[in-house]
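[1] fold the following for me, if possible:
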Amino acid sequence: MPYFKQSELAELYGVSAKTVYNWIDLAKHGKSDLKLYAKGKYTFVLDTPENRLTLKALADKGKKHRNAAYYKTILPEPEFFDIYSERQILDIITNLSVHGEIPLQYNYLQDGAKNWEGRMDRFESEGAANSLMSTIELIQDNLVTIDRFLKNKKKVNVIDLGVGNARPVKELLGHLLDRGVLHRYIGIDISPTMLGIAERNVKDWYGDAVKFEGYVRDITNEQFDDLVVADMLDEEADQTLNLVLLLGGTSVNFRSSNDALKPIFNSMHRNDLLIHTLKPDTEASRRYLDLGPVPGSISLAPNFKYILDLLNIDESSYDVESGFDSEKKMRYVRVRLKTALQIQFDLGGTKKRELYLEKGDAILLFRAWHLSTPEIITELGKAGFMFLHASLTEDRQYFLSISGVDNRIDIERA
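    Sure thing, here's the model as predicted:
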């Protein structure tokens, strides 16, 4: 029996998720002709010709009764269309209309990268326990263990996913350089500006001893196996290992942590290693919301505000909300609209889209799923990784794991 998901209706008819919820509620109370389908605790709208006519009428009625004064019409800033590709713009529109969120990675392009760098500089200057300093601590504490897993490989390719400013790997690069095994340092990031920052830093630290290779990729859906084809086909391939880094809790910022882990697993070869760091679920981490421009700030941090400013969504149009959702086990930063908005996207020619956001709609800007250490290991296993080693900081607030690529052939033979 075909039916629509609520997110599909929101995208199909250009309305908010809240509007779709209201349509279903009307039908439940006999105030609409929509035919519904109940599946467990969820209710869906049946995909029938009659329902499609009713849905169109409901959507048209809503637009008809809302005059121009109801929506505040805004146009994104001109630089918005220079910074983001057409594919990225469509992804932003879709995520806003269907999921009520702006993917975090889009806050790190151009000036957004500089905002993030400022935050990392603050973290390092404070010297206190935070995501940056804890990651550095964990890597330094586990250099001997990393050496053990590298065995006697002659060449190590370090592949840094979401490279940022490269600061977390400074000591690791130096260590591998001293051992004479660092072959390539590959930085992958969605932001060309961020890659430029990382390249500058590596040059400052190691001069010509380390050649930085930067590649623009979206790690949520793009693989990186093509970058090491020559190494993996070389006659010394058996003496080469790819050390993949996913640091700073990147995976728990996505809608699903497997959104990040699966493309990584599919890019790796037998004997490759993944080093993954993140903040595990603890009472202290649930209260950790140092996400503002300065410690203790309750205002919206520049790296979250960046894309809202580019969309021309003024501060007067929203309230900032942050906290921990105990049901979802998720820290969040979001804004709640105080004004209904109509955002007009004009990409030139016939490429035009309108996005309607209702008063009271929430726009999620940041999420961090909270996983216990066993749950982290389980998630890695679901993606196909073989867990090898784990380590916690002294305060037990940050976690490092080392995983290998599970050999399915050996498992099936066992």
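[2] my guess is residue 270 contacts residue 384. True?
    No. Assessed by CB atoms under 8 Å, residue 270 is found out of contact with residue 384, at 11.9 Å. Placement of C-beta: from N, CA and C, glycine included.
[3] so which of the two has more stuff around it?
    Between residue 270 and residue 384, counting by other CB atoms under 10 Å, residue 384 is the more crowded of the two (17 against 10).
[4] now residue 395: phi and psi?
    Dihedral pair for residue 395: phi -80, psi 0, per degrees, to the nearest 10.
[5] distance of the residue lying closest to it once chain neighbours are set aside from residue 83?
    Setting aside the residues directly before and after it, residue 395 is nearest to residue 129 in space (CB to CB, 6 or more residues apart in numbering), at 5.7 Å. Counting by CB to CB, to the nearest Å, the gap from residue 129 to residue 83 is 34 Å.
[6] any idea how far the residue nearest the centre of the chain is from residue 273?
    The centre of the chain sits closest to residue 254, judged by CA atoms, centre = their mean, with a distance of 4.0 Å. Counting by CB to CB, the gap from residue 254 to residue 273 is 22 Å.
[7] buried residues in stretch 215-226?
    Neighbour-count burial for stretch 215-226, counted by 16 or more other CB atoms under 10 Å, picks out 215, 217, 218, 219, 220, 224.
[8] can you name the two of the residues you listed that sit furthest apart?
    Farthest apart among these by CB to CB are 215 and 220. That separation is 14.9 Å.
[9] ok so, going back, not counting sequence-adjacent ones, nearest residue to the residue nearest to the centre of the chain?
    residue 260 (5.3 Å).
[10] what do you get for residue 286?
    Nearest non-adjacent residue to residue 286, counting by CB to CB, 6+ apart: residue 324, 4.6 Å away.
[11] assumed the one you found was part of a strand.
    Yes. If the criterion is DSSP: H, G, I helix; E, B strand; the rest coil, then residue 324 is within a strand.
[12] what about it, how many residues close to it?
    By other CB under 10 Å, 16 other residues sit near residue 324.
[13] so what's it up against?
    For residue 324, the contact set (CB atoms under 8 Å, 6 or more residues apart in numbering) comprises 286, 287, 330, 331, 332, 370.
[14] neighbours around the second one, how many?
    Other residues lying near residue 287 total 11 when counted by other CB under 10 Å.
[15] quick one: it from residue 155, how far?
    Separation of residue 287 from residue 155 (CB to CB) stands at 44 Å.
[16] repeat that for the fourth one.
    Counting by CB to CB, the gap from residue 331 to residue 155 is 39 Å.
[17] ok, the third one next?
    Distance of residue 330 to residue 155, given as CB to CB: 40 Å.
[18] kindly report the same for the last one.
    Distance from residue 370 to residue 155, counting by CB to CB: 38 Å.
[19] which of these two has more residues huddled nearby?
    Using other CB under 10 Å as the criterion, residue 370 and residue 155 rank with residue 370 on top: 20 against 17.
[20] isn't the more buried one right up against residue 327?
    No. Using CB under 8 Å, residue 370 is not in contact with residue 327; the gap is 11.5 Å.
[21] give me the below-cutoff pLDDT ranges for this protein.
    Scanning the chain with the threshold set as pLDDT under 70 gives 63-69, 127, 288-299, 406-414.
[22] tell me the domain boundaries of it?
    For the chain, the structural domains run 3-63, 72-112+286-369, 130-282+371-405, going by the TED database.
[23] which among these is found nearest to residue 120?
    Across the domains of the chain, closest to residue 120 is domain 130-282+371-405 (CB to CB), at 5.6 Å.
[24] now the terminal residues of the closest one, how far apart.
    29 Å (CA to CA, to the nearest Å).
[25] again, but for stretch 266-282
    One end of stretch 266-282 sits 31 Å from the other (CA to CA).
[26] which stretch of helix or strand covers the closest residue to residue 302 other than its chain neighbours?
    Excluding the flanking residues, the one nearest residue 302 by CB to CB, 6+ apart is residue 115, at 4.0 Å. If you go by DSSP states H and E, residue 115 is part of helix 111-126.
[27] now do the helix or strand following that helix against helix 111-126, angle only.
    With elements assigned by DSSP H and E, the helix or strand that comes after helix 111-126 is helix 131-141. Using axes from the mean of the first three to the mean of the last three CA atoms, to 10 degrees, one finds that helix 131-141 and helix 111-126 are set 60 degrees apart in direction.
[28] what sits up against helix 131-141?
    Residues from elsewhere that reach helix 131-141 (CB under 8 Å, 6+ apart): 120, 123-124, 126-127, 146, 167-172, 247-249, 275, 277, 279, 391, 393-394, 397-400.
[29] now list the buried members of these.
    Neighbour counting with 16+ other CB under 10 Å marks 120, 123, 146, 167-170, 172, 247-249, 275, 277, 279, 391, 393, 397-400 as buried within the contacts of helix 131-141.
[30] among those residues, which are in helices?
    Using DSSP state H, 120, 123, 146, 170, 172 are the members of the buried ones among the contacts of helix 131-141 that sit in helices.
[31] for those, give me a markdown table that also has distance to residue 315.
    Shown next, in a markdown table, are those (distance: CB to CB, whole Å):
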| residue | distance to residue 315 |
| --- | --- |
| 120 | 25 |
| 123 | 25 |
| 146 | 45 |
| 170 | 37 |
| 172 | 40 |
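[32] and of the residues you listed, the nearest to residue 70?
    Closest approach to residue 70 among those (CB to CB): residue 120, at 42.0 Å.
[33] can you pull out the strands in the stretch 51-200 of the chain?
    Using DSSP state E, counting those that start in this stretch, the strands of the stretch 51-200 of the chain run over 72-74, 155-161, 182-189.
[34] and the ones you listed: which comes nearest residue 378?
    Of all these, strand 155-161 comes closest under CB to CB, at 20.8 Å.
[35] tell me the angle that closest one makes with strand 182-189.
    Angle between the axes of strand 155-161 and strand 182-189 is 10 degrees (criterion: the same axes, to 10 degrees).
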